[in-house]
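Peer 1: sequence-free structure coming up:
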């Protein structure tokens, strides 16, 4: 509630992302959502995302996602993806992404991410050391 | 209503699609939805998808999509994506994808695809020669 | 030497593969080389590629690759990738890919693939049950 | 010859890039080479890469590439790709990429990039306003 801005992941639209229409091919946005989550962990929450996967054997797959593409993104543009945490559940996070270029909205998405144990795919409660960080972030953004 | 089965696009889960957990990385499914639409045009509706883009200057971007991932897909599995046409609008199609492996559901998705003129991105009415094909497909599946 | 044709993996050029010029974005070809290797194992050599990775804990990363792009590939074209086995080493395979559309060459590539133990990345000798299959394939193609 | 360091593009290894072995899937490196070239244009040479494509109708496809993967890259690592310009030809550039993590080499690659007119794919001489920039960069790095 502090009015602090949500974490924003910025990335340039590259040739790699664009299709024959010169616009971002929509599956690439979902790769960017994943990148936004990883950097949110690494840079905003100070949680090493790679360590979570490689050392702690945890995964955070997307169980549900929905996205509305308002206006296409063009090669060369800088896309800002802001990340708000809508809900901290028992095993899951509900996250909202708002994508904008120069302050104008281009897309809105919402995803449910579930903590799982990688070795068998079972959902697990959000680890205690992370829960507090998520709740703090949710309160502030 | 004929009970004819919906068009189904089958593809093997490859190394390319999988992540460190050995499962499909979720953005790859959206690439497969796009492939399913292209083959549905080419093989089921007998409409040359590439010609639509390259010769007629039309695009069919995804304006909205939502997907629920029920169970992950593993390297080597054959994923069957069946495509049902839920709605034929003025400029858009609403399509449902059901993904299954050996008859067991793994994911469900729904997308809205909009016909646009590629040169300026403006939505255009579904071309007359295609509308009939879509309506026939919708009726049968 | 039997004059039998090399294994050929055919795939359509999709929207997913193409860039704003309407042509295949070159990294996508390397994904197709990987797909060709996987299907060559599965369909030609009758070796379950996924089982190799998931059950036997073996990997076959590309240690070196080089590719010459002769002519671009366009949305909608069918690309035939033929795979010849140039050399069967102690731990590695040298493979040549020739890509063509309707019989006209579009690209040529050569890759060295190394068998490794996934858990630590160490190169391992080609497993005995596979070596014979590779040598037979090399002799025939 | 000034001893100035070559332009270096740094990017984190993400989930998106990695395969079931936890390492970067090799085609992703070629996407990173493309990103490195785009940022080299935008940030080092002060040439708007997107404008080249979208406004001037020029493309810079890769005509040949070869890459040796010395050691795999792991999820979470920062990969530094330095770019040296080996040759400035009439219509082409020969570029060398050296990829390293924390100063240790992981891969080396060399690509030939050709200037083309996008509308018909014909190679064109390097535009005069760019040639000087390339020659300066080649001299310094």
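Peer 2: Sure thing, it's come through. Note that the coordinates shown come from a computational prediction; the quantities given were computed from them, not determined experimentally.

Peer 1: what about residue A:128, neighbour count?
Peer 2: 7 (other Cβ atoms under 10 Å in any protein chain shown). Every residue, glycine included, has its C-beta placed from N, CA and C.

Peer 1: What segments of chain A are helices?
Peer 2: A:27-39, A:49-54, A:128-140 (DSSP state H).

Peer 1: From the contact counts, what lies against the second one?
Peer 2: It refers to helix A:49-54. The criterion is 3 or more Cβ pairs under 8 Å, 6 or more residues apart in numbering or on different chains; DSSP states H and E, and there are no helices or strands that helix A:49-54 contacts.

Peer 1: okay, which residue is most central for chain A?
Peer 2: Nearest to the centroid of the C-alpha atoms of chain A, with distances taken as Cα atoms, centre = their mean, sits residue A:37, at 3.4 Å.

Peer 1: That one against residue A:60, yeah?
Peer 2: Yes - counting by Cβ atoms under 8 Å, residue A:60 is a contact partner of residue A:37 at 7.3 Å.

Peer 1: tell me which parts of chain A are close to chain C?
Peer 2: By the rule Cβ under 8 Å from any Cβ of the partner chain, the part of chain A lying against chain C is A:15-16, A:18-22, A:25, A:27, A:75.

Peer 1: Filtering the residues you listed by proximity to chain D, which remain?
Peer 2: Within those, those near chain D by Cβ under 8 Å from any Cβ are A:15-16, A:22, A:75.

Peer 1: For the residues you listed, give me CSV that also has pLDDT and neighbour count.
Peer 2: Below are these laid out as CSV (pLDDT from 0 to 100; neighbours: other Cβ atoms under 10 Å in any protein chain shown):
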residue, pLDDT, neighbour count
A:15, 84, 22
A:16, 80, 21
A:22, 76, 19
A:75, 89, 23
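
Peer 1: now, which of these sits nearest chain B?
Peer 2: Nearest to chain B, judged by Cβ to the nearest Cβ, of these is residue A:22 at 8.6 Å.

Peer 1: which ones are touching that closest one?
Peer 2: Counting by Cβ atoms under 8 Å, 6 or more residues apart in numbering or on different chains, residue A:22 touches A:74-75, C:20, D:53-54.

Peer 1: and if you look at residue A:92?
Peer 2: Counting by Cβ under 8 Å, 6+ apart, residue A:92 makes contact with A:63, A:112-115, A:123, A:126.

Peer 1: what do you get for residue A:8?
Peer 2: Residue A:8 sits next to A:80-83 when contact means Cβ under 8 Å, 6+ apart.

Peer 1: likewise residue A:83?
Peer 2: Taking Cβ under 8 Å, 6+ apart, one finds A:6-9, A:36-37, A:40, A:95-97 in contact with residue A:83.

Peer 1: cool, residue A:64 as well?
Peer 2: Counting by Cβ under 8 Å, 6+ apart, the residues that residue A:64 touches are A:111-112, B:66-69.

Peer 1: who's it bridged to?
Peer 2: Bridge pairing for residue A:64 (DSSP bridges) gives the partners residue A:112, residue B:68.

Peer 1: Same check on residue A:95?
Peer 2: residue A:85, residue A:111.

Peer 1: Hmm, residue A:113 and it touching each other?
Peer 2: Yes - using Cβ under 8 Å, residue A:95 is in contact with residue A:113, at 6.3 Å.

Peer 1: Please identify every residue contacting each of these two.
Peer 2: Joint contacts of residue A:95 and residue A:113 (Cβ under 8 Å, 6+ apart) are residue A:37.

Peer 1: residues contacting the residue of chain A most remote from its centre?
Peer 2: Here chain A reaches farthest from its C-alpha mean at residue A:20, the gap being 26.5 Å by Cα atoms, centre = their mean. Neighbour list for residue A:20: B:53-54, B:118, C:15, C:18-22, C:75 [criterion: Cβ under 8 Å, 6+ apart].

Peer 1: To what extent is residue A:97 buried, counted in neighbours?
Peer 2: With neighbours defined by other Cβ under 10 Å, the count for residue A:97 comes to 23.

Peer 1: If I look at it, what pLDDT would I see?
Peer 2: Residue A:97 carries a pLDDT score of 98 in this model.

Peer 1: Report the spatially nearest residue to residue A:131, omitting neighbours in sequence.
Peer 2: Leaving aside its sequence neighbours, residue A:131 sits nearest to residue A:88 (Cβ to Cβ, 6 or more residues apart in numbering or on different chains; 6.9 Å).

Peer 1: And the pLDDT for that neighbour?
Peer 2: 98.

Peer 1: my guess is it meets residue A:132, correct?
Peer 2: No - counting by Cβ under 8 Å, residue A:88 stays clear of residue A:132, with 10.0 Å between them.

Peer 1: Quick check: mean pLDDT of stretch A:46-61?
Peer 2: Here the average pLDDT along stretch A:46-61 is 93.

Peer 1: and chain A, which residues reach chain B?
Peer 2: Contacts of chain A with chain B, taken as Cβ under 8 Å from any Cβ, map to A:20-21, A:23, A:25-28, A:30-31, A:34, A:53-54, A:59, A:61-69, A:72, A:118, A:121.

Peer 1: at 7 Å instead, please
Peer 2: Proximity of chain A to chain B, by Cβ under 7 Å from any Cβ of the partner chain, involves residues A:20-21, A:26-27, A:30-31, A:53, A:59, A:61-69, A:72, A:118, A:121.

Peer 1: which regions of chain A lie under the pLDDT threshold?
Peer 2: Low-confidence segments of chain A, defined by pLDDT under 70: A:1-3.

Peer 1: Identify the farthest-apart pair in the contacts of residue A:8.
Peer 2: Maximum pairwise distance among those (Cβ to Cβ): 10.5 Å, between A:80 and A:83.

Peer 1: Would you confirm that residue A:95 contacts residue A:85?
Peer 2: Yes - the criterion here is Cβ atoms under 7 Å, and residue A:95 meets it with residue A:85 at 6.0 Å.

Peer 1: what would the contacts of residue A:92 look like in CSV with neighbour count?
Peer 2: Formatted as CSV, the contacts of residue A:92 follow (neighbours: other Cβ atoms under 10 Å in any protein chain shown):
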residue, neighbour count
A:63, 19
A:112, 19
A:113, 21
A:114, 20
A:115, 21
A:123, 14
A:126, 21
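
Peer 1: about what we covered before: looking at the contacts of residue A:64, which is nearest residue C:105?
Peer 2: Using Cβ to Cβ, residue B:67 is the member of those that sits closest to residue C:105, with 39.1 Å.
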